[in-house]
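**Student:** predicted model follows, preceded by the sequence.
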There are 2 protein chains.
Amino acid sequence: MKLSTRGRYGLKAMFDLALNYGDGPISLTSIAERQAISVNYLEQLISPLRKAGLVESVRGAQGGYMLAKGPTEITVGVILTTLEGPLAPTDCVVMDTEEEVCDHSRYCVTKVIYEKIYESITSVVNSITLQHMIDDYQTNQESLIISSICECK
Amino acid sequence: MKLSTRGRYGLKAMFDLALNYGDGPISLTSIAERQAISVNYLEQLISPLRKAGLVESVRGAQGGYMLAKGPTEITVGVILTTLEGPLAPTDCVVMDTEEEVCDHSRYCVTKVIYEKIYESITSVVNSITLQHMIDDYQTNQESLIISSICECK
DNA sequence: TTAAATCCTAGTTTTTTACTAAGAAATCAT
DNA sequence: ATGATTTCTTAGTAAAAAACTAGGATTTAA
């Protein structure tokens, strides 16, 4: 039940972009440096975020990335699901009825549990925006508590 | 963010034992057959459940396993965490302060998110007992809806 | 024209998952 | 007693997924 580095690094990068929102394009090199992530790997993560319409890119020298919308409009949920797929504990809770593998799935006592887990996760991540993270970051900086992003792998 | 087969198969097996609660020892062979799981693999899953005090075993012929407590006393949460470890989206939210890897972790904007996810998952799974699953199963059987456990892998 | 950047894809290493296999120990039934 | 049945334990293995690395093509500001 762990998030992979895709989701974690991607969220870090998006938070970085959010902190620099309005400052023009930010290069992946600078993000990678600040967040201690490989540039090549970050490139692979930013690609789906761009295709999902969450970031815009400017190519060429002095180019980079910027949020495609304001930080209030981008949730942690959309970032994580773009990079990780649905935040569901099993595949069966997100399967189309078409591809049902399971005869008994009309009603399944374990499936209802997995659905509840899925809903609770979704509810949390969809309720948090990048702006919330920024606010959180700034209030804690003001009160002299060191606030940042973990270096946790 | 998926559960592994350890958690899913283990939960199936525990539900199976719960349905047979009070009937004496149930062999793994019969559980494995009903739930379509390899016996050898199930043995590896039941072992930690026994060590966690959730099931008791009777060795020898006509032996098997049974719940060590009533179905009202065993939560989905304790089953899943026994088999999967903490249901946390990252390691950092469950680490002891001793083993903090991360300098900035006194306050971390992403960590607080992961903690919220962790709490919401924990809250769901800890609120559901095997008895709830049995009740759920039986009410849906009565109303002529086929109720069972998925064959989902 | 050059340097800096995105963009794209293929490949590789490492880790984890999901088992398989096999044998020892215990115990019931005959 | 003996054999069948079952738990118990550990070692090994195959497949899949994760986590990158590498490199080249394209774009564009200076």
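**Tutor:** It's in. As the structure is a computational prediction, the values presented were derived from the model and not from experiment.

**Student:** who are the packing partners of the longest helix along chain A?
**Tutor:** Determined from DSSP state H, the single longest helix within chain A is helix A:109-126. Applying 3 or more Cβ pairs under 8 Å, 6 or more residues apart in numbering or on different chains; DSSP states H and E, we find helix A:109-126 packed against helix A:76-84, helix B:5-19, helix B:109-126, helix B:130-142. In short, each C-beta sits where N, CA and C put it, glycine included.

**Student:** can you put those in CSV and add mean neighbour count, distance to DNA strand C and mean pLDDT?
**Tutor:** Converted to CSV, the helices and strands packed on helix A:109-126 look like this (neighbours: other Cβ atoms under 10 Å in any protein chain shown; distance: least, Cβ to the nearest atom of the strand, whole Å; pLDDT from 0 to 100):
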stretch, mean neighbour count, distance to DNA strand C, mean pLDDT
helix A:76-84, 21, 14, 98
helix B:5-19, 22, 4, 97
helix B:109-126, 19, 16, 97
helix B:130-142, 16, 21, 90
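
**Student:** returning to what we had before: just the CA trace of the longest helix of chain A, in PDB.
**Tutor:** Only the C-alpha atoms of helix A:109-126 are listed here, as PDB (Å, rounded to 0.1, in the frame of the first residue of the first chain):
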ATOM      1  CA  VAL A 109     -17.900  -8.800   1.000                       C
ATOM      2  CA  THR A 110     -14.300  -7.900   0.500                       C
ATOM      3  CA  LYS A 111     -14.900  -5.700  -2.400                       C
ATOM      4  CA  VAL A 112     -17.100  -3.400  -0.400                       C
ATOM      5  CA  ILE A 113     -14.300  -3.000   2.100                       C
ATOM      6  CA  TYR A 114     -11.800  -2.100  -0.700                       C
ATOM      7  CA  GLU A 115     -14.300   0.400  -2.000                       C
ATOM      8  CA  LYS A 116     -14.600   2.100   1.300                       C
ATOM      9  CA  ILE A 117     -10.800   2.400   1.500                       C
ATOM     10  CA  TYR A 118     -10.700   3.800  -2.000                       C
ATOM     11  CA  GLU A 119     -13.300   6.300  -1.200                       C
ATOM     12  CA  SER A 120     -11.600   7.500   2.000                       C
ATOM     13  CA  ILE A 121      -8.300   7.900   0.200                       C
ATOM     14  CA  THR A 122      -9.900   9.700  -2.700                       C
ATOM     15  CA  SER A 123     -11.800  12.000  -0.400                       C
ATOM     16  CA  VAL A 124      -8.600  13.100   1.400                       C
ATOM     17  CA  VAL A 125      -6.400  13.700  -1.600                       C
ATOM     18  CA  ASN A 126      -9.200  15.500  -3.600                       C
END
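
**Student:** hmm, whichever helix or strand A:Arg34 is part of touching DNA strand C?
**Tutor:** A:Arg34 belongs to helix A:28-35 when assigned by DSSP states H and E. Yes. Counting by Cβ under 7 Å from any atom of the strand, contacts between helix A:28-35 and DNA strand C involve A:28-29.

**Student:** give the contact list for A:Thr82.
**Tutor:** For A:Thr82, the contacting residues are A:10, A:48-49, A:52, A:54, by Cβ atoms under 8 Å, 6 or more residues apart in numbering or on different chains.

**Student:** these: which two are farthest apart?
**Tutor:** Farthest pair in these (Cβ to Cβ) is A:Gly10 and A:Ala52. Separation: 10.7 Å.

**Student:** ok, now which ones touch A:Asp23?
**Tutor:** Applying Cβ under 8 Å, 6+ apart to A:Asp23 gives the contacts A:Met66.

**Student:** how about 6 Å then?
**Tutor:** With contacts defined as Cβ atoms under 6 Å, 6 or more residues apart in numbering or on different chains, A:Asp23 has no neighbours.

**Student:** with DNA strand C as the reference, measure out to it.
**Tutor:** Counting by Cβ to the nearest atom of the strand, to the nearest Å, the gap from A:Asp23 to DNA strand C is 13 Å.
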